[in-house]
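In: A structural model of the following input is requested.
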Amino acid sequence: MAKAIWNNKVIAESNDTVVIEGNHYFPRGSVKQEYLRPSDTHTTCPWKGKASYNTLEVDGQQNPDAAWFYPDPKSAAQEIKDRLAFWKGVRVES
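Out: Below is the predicted model of the structure:
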């Protein structure tokens, strides 16, 4: 079971993560939506496509753009559609 933890809270946990470039991509349904806030940040990966971000908010503390996802990944990255990954101090245990 992989778990994403930030600010002493489990943000996501799943037995069904996809690991790409060392990052665990969690199914959207396994992520606790109450901790996600929308962000206007976007980046582009040459082979995955355009990424969108969420800010994490736990117990009044924010971690800007700490979660990312590909709403419409390119064909080479279809396995991460509807999945989120984490960084910026989010600890992933597997």
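In: please enumerate the strands of this protein.
Out: Under the criterion DSSP state E, the chain contains strands at 2-6, 9-14, 18-20, 23-27, 36-45, 49-58, 61-69, 83-86, 91-93.
In: sheet-wise, list the partners of the fifth one with their directions.
Out: Looking back up the chat, that one is strand 36-45. strand 49-58 (antiparallel) (DSSP bridges).
In: buried ones in the strand it pairs with?
Out: 49, 51-58 (16 or more other Cβ atoms under 10 Å). Every C-beta, even on glycine, is put in place using the N, C-alpha and C of the backbone.
In: W6 contacts D59, correct?
Out: No. Counting by Cβ atoms under 8 Å, D59 is not a contact partner of W6; they are 10.2 Å apart.
In: between those two, who's got more neighbours?
Out: W6 (22 against 8; other Cβ atoms under 10 Å).
In: need the contact list for the more buried one.
Out: By Cβ atoms under 8 Å, 6 or more residues apart in numbering, W6 lies in contact with 56, 58, 63, 66, 86, 89-91.
In: now Y25: how far from N7?
Out: Distance, Y25 to N7, by Cβ to Cβ, to the nearest Å: 21 Å.
In: the more surrounded of those two?
Out: Per other Cβ under 10 Å, whichever of Y25 and N7 has more neighbours is Y25, with 26 against 16.
In: now the more buried one: how far from D82?
Out: Counting by Cβ to Cβ, the gap from Y25 to D82 is 9 Å.
In: mutual contacts of those two, please.
Out: Looking at what touches both Y25 and D82 (by Cβ under 8 Å, 6+ apart), the common residues are F69.
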